[in-house]
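Q: Got a sequence here, can you build the structure:
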Amino acid sequence: MAKLIHSMIRVLDEARSVAFYDTAFGLKVADRLEFDSFTLVYLSNAEASFELELTVNKGRTEPYTLGDGYGHIAVSVPDAEAEHARLSAEGLAPRKIVDFRNGEVQVAKFFFIADPDGYQIEVIQRGGRFL
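A: Model prediction:
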């Protein structure tokens with residue numbers, strides 16, 4: 001069974017966004033992953049294991065307009081390959097499996113699938129921070 005784990009939004013100013021979500025909803029930084037061209041900041045609180053992922057694209061100076069910033073919801077599954085095969089057999093056309101790494105460290109094993117309206121859903125294999 002799939003488990004809803006996070007939703008992602010793009011933000012222009014990390015500090016301003018982190019402060020807002022802390023003040024408004026008590027969301028604290030649970031993890032922060034730095035990459036060459038972007039930073040991922042995971043926010044959560046004790047109320048639920050669901051997280052908000054802030055993506056900060058380095059060098060971006062223009063604010064995002066609604067619909068311009070890519071976003072997704074994510075679910076975790078025990079075995080990404082088995083789930084990919086099951087969804088393929090159902091004719092739902094999942095995209096290729098990605099072994100996402102930060103240098104030599106695996107961050108996640110995942111793939112995306114679109115719902116009937118085109119909304120993207122990230123299916124992540126459980127492990128590491130994605131349980």
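
Q: buried set for the helix ranked longest in the chain?
A: Longest helix in the chain, counting residues (DSSP state H): helix 14-25. Using 16 or more other CB atoms under 10 Å as the burial criterion, the residues of helix 14-25 that qualify are 17-18, 21. All C-beta spots, glycine's among them, are computed from the backbone N, C-alpha and C.

Q: what's next to stretch 46-64, contact-wise?
A: Outside of stretch 46-64, the residues within contact range by CB atoms under 8 Å, 6 or more residues apart in numbering are 4-12, 14, 17-18, 21, 26-27, 30, 36-44, 74.

Q: Cross these against strands and list the overlap.
A: With strands defined by DSSP state E, the entries of the contacts of stretch 46-64 inside them are 4-10, 30, 38-44, 74.

Q: Disregarding residues adjacent in the polypeptide, which is nearest to residue 95?
A: If you skip the residues right next to it in sequence, residue 95 has residue 112 as its closest partner in space, 4.8 Å away by CB to CB, 6 or more residues apart in numbering.

Q: Equivalent analysis for residue 4, please.
A: Once chain neighbours are set aside, the closest to residue 4 by CB to CB, 6+ apart is residue 75, at 5.6 Å.

Q: That neighbour: neighbouring residues, count only.
A: 18 (other CB atoms under 10 Å).

Q: give me the beta-bridge partners of it?
A: Residue 75 forms beta bridges with residue 4, residue 123, as assigned by DSSP bridges.

Q: how near is it to residue 39?
A: Spatial separation of residue 75 from residue 39 under the definition CB to CB, to the nearest Å is 23 Å.

Q: do the same with residue 12
A: The span separating residue 12 from residue 39 equals 12 Å under the rule CB to CB.

Q: mind showing which ranges of the chain have poor pLDDT?
A: 66, 68-70 (pLDDT under 70).

Q: which residue sits farthest out from the middle of it?
A: Note on the chain: the largest separation between a C-alpha and the mean C-alpha position, by CA atoms, centre = their mean, falls on residue 89 (25.0 Å).
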